[in-house]
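predicted model and sequence below, questions to follow.
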Amino acid sequence: MNVLLLHPGAMGASIGAALVAGGHDTAWVATGRSVETAKRAGDAGLSPVETLAAGVGGAELVISVCPPHASVDVARAVRDAGFSGLYVDGNAVSPATAETVHRLFDAHYVDGGIIGPPAWRAGATRFYLSGSHAETVAALFEGSLVDARAIGTAPTQASALKMSYAAFTKGSSALLLAVRALAEANGVSQELLAEWDISQPGLASRSAGTAKSTSQKAWRFEGEMREIAATFAEANLPSGFHEGAAELYGRMAVLKDAPGGAAIEVVLAEILGRTLERCG
């Protein structure tokens with residue numbers, strides 16, 4: 001199958017590589033993208049096209065893997081370019097956002113939710129798919145490093161699963177960093193860490209590891225937390241915690257380019273520095 005992948009970031013490049021490994025011609029739109037993106041795409045075996053119109057003109061399937069806030073705009077651009085094949089939205093969005101994209105493509109829409117790291121080793125990454133053509137899309141990844149699973153015909157089911165999963169994993173990471181920041185703001189960090197060593201062994205090192213692992217990705221997590229908050233609200237459940245998590249990740253967004261991820265001290269200073277500026 002001829003596939004257009006939008007866009008080959010860290011996750012998207014691995015999805016594209018899995019398609020290429022399965023024998024599918026997979027293109028990406030090169031215009032306006034960074035040198036780093038071009039390298040990822042080249043390493044994944046993706047073929048460059050110059051414009052979105054050229055990409056959709058030769059594609060039977062489009063897969064969107066982009067930051068959550070761009071999901072609807074990317075879908076509209078593909079629709080407006082005249083695409084008539086299957087459209088897979090693999091982004092971390094709420095069921096309501098997924099439904100907005102679904103309405104753009106109707107029966108040609110497949111909802112997707114990716115759980116796990118970029119798919120460079122077997123068994124690490126699941127690509128959940130739902131919609132009337134979910135089985136068709138899942139079959140494209142057979143034998144690849146992407147474990148694609150069709151979970152139903154509802155056009156927002158995969159997004160609902162992704163939101164439910166990430167509400168805990170990324171939400172609990174935000175809570176852990178917020179607790180460290182709270183203790184730091186009140187001058188009791190060392191006492192908290194000492195108590196954790198007694199009653200919560202391993203939590204101190206976990207918090208440091210969480211700071212390092214999330215600091216480079218927090219700029220993306222902010223939008224995802226807002227999508228999760230919307231998902232809670234749609235279910236008539238309290239959404240405030242994940243709105244707070246979105247703000248916390250937003251304060252960390254400047255650490256996107258921290259080499260190897262930022263240390264806990266740097267993350268806490270960034271979180272508290274912005275808080276103090278607002279209060280001061």
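Sure thing, it's come through.

just the mean pLDDT for the helix or strand where I15 lies, thanks.
Following DSSP states H and E, one finds I15 within helix 10-21. For helix 10-21, the mean per-residue pLDDT is 97.

separation between P95 and F105?
Using CB to CB, to the nearest Å, P95 is found at 16 Å from F105. For every residue, glycine as well, the C-beta is placed using N, CA and C.

residues touching the nearest residue to V78 once chain neighbours are set aside, list them.
Using CB to CB, 6 or more residues apart in numbering and skipping the chain neighbours, the partner closest in space to V78 is V62 (5.5 Å). Shown in contact with V62 (CB atoms under 8 Å, 6 or more residues apart in numbering): 3-6, 55-56, 78, 83, 85-88.

any chance of a markdown table for these, columns pLDDT?
Putting these into a markdown table (pLDDT from 0 to 100) gives the following:
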| residue | pLDDT |
| --- | --- |
| V3 | 98 |
| L4 | 98 |
| L5 | 98 |
| L6 | 97 |
| G55 | 97 |
| V56 | 97 |
| V78 | 98 |
| F83 | 97 |
| G85 | 97 |
| L86 | 98 |
| Y87 | 98 |
| V88 | 98 |
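
which ones among the residues you listed lie within helices?
Of the positions in these, 55-56, 78 sit in helices, assigned by DSSP state H.

circling back: for the helix holding I15, C-alpha coordinates in PDB please.
Listed next in PDB are the C-alpha coordinates belonging to helix 10-21 (Å, rounded to 0.1, in the frame of the first residue of the first chain):
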ATOM      1  CA  ALA A  10      10.500  10.300  17.200                       C
ATOM      2  CA  MET A  11       7.400   8.200  17.300                       C
ATOM      3  CA  GLY A  12       6.200   8.800  13.700                       C
ATOM      4  CA  ALA A  13       9.600   7.700  12.200                       C
ATOM      5  CA  SER A  14       9.300   4.400  14.000                       C
ATOM      6  CA  ILE A  15       5.800   3.900  12.700                       C
ATOM      7  CA  GLY A  16       7.000   4.700   9.200                       C
ATOM      8  CA  ALA A  17       9.900   2.300   9.500                       C
ATOM      9  CA  ALA A  18       7.600  -0.500  10.500                       C
ATOM     10  CA  LEU A  19       5.500   0.100   7.400                       C
ATOM     11  CA  VAL A  20       8.600   0.200   5.200                       C
ATOM     12  CA  ALA A  21       9.800  -3.100   6.700                       C
END
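
and the angle for the next helix or strand after that helix with helix 10-21?
Using DSSP H and E, the helix or strand that follows helix 10-21 towards the C-terminus is strand 25-29. Strand 25-29 and helix 10-21 meet at an angle of 150 degrees, taking axes from the mean of the first three to the mean of the last three CA atoms, to 10 degrees as the criterion.

what pairs with strand 25-29, parallel or antiparallel?
If you go by DSSP bridges, strand 25-29 pairs up with strand 2-6 (parallel), strand 47-49 (parallel).

give me the buried positions along that strand.
Buried residues in strand 25-29, counting neighbours by 16 or more other CB atoms under 10 Å, are found at 25-29.

turn those into TSV, columns for distance to G273 and pLDDT.
Below are those laid out as TSV (distance: CB to CB, whole Å; pLDDT from 0 to 100):
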residue	distance to G273	pLDDT
D25	48	97
T26	43	98
A27	43	98
W28	38	98
V29	38	97
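
G260: which of these is nearest?
W28 (26.9 Å; CB to CB).

could you give the bridge partners of the closest one?
P48.

wait, is Y128 part of a helix?
No. Using DSSP: H, G, I helix; E, B strand; the rest coil, the assignment for Y128 is strand, not a helix.

still on that earlier bit, redo the strands paired with strand 25-29 as TSV? Include mean neighbour count and distance to A208.
Formatted as TSV, the strands paired with strand 25-29 follow (neighbours: other CB atoms under 10 Å; distance: least, CB to CB, whole Å):
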stretch	mean neighbour count	distance to A208
strand 2-6	24	35
strand 47-49	18	40
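
quick revisit: quick check, nearest of the contacts of V62 to P118?
Nearest to P118, judged by CB to CB, of these is L5 at 13.3 Å.

tally of neighbours for the closest residue to that closest one other than its chain neighbours?
The shortest distance from L5 to any non-neighbouring residue, by CB to CB, 6+ apart, is to G16 (4.5 Å). Under the neighbour criterion other CB atoms under 10 Å, G16 is assigned a count of 29.
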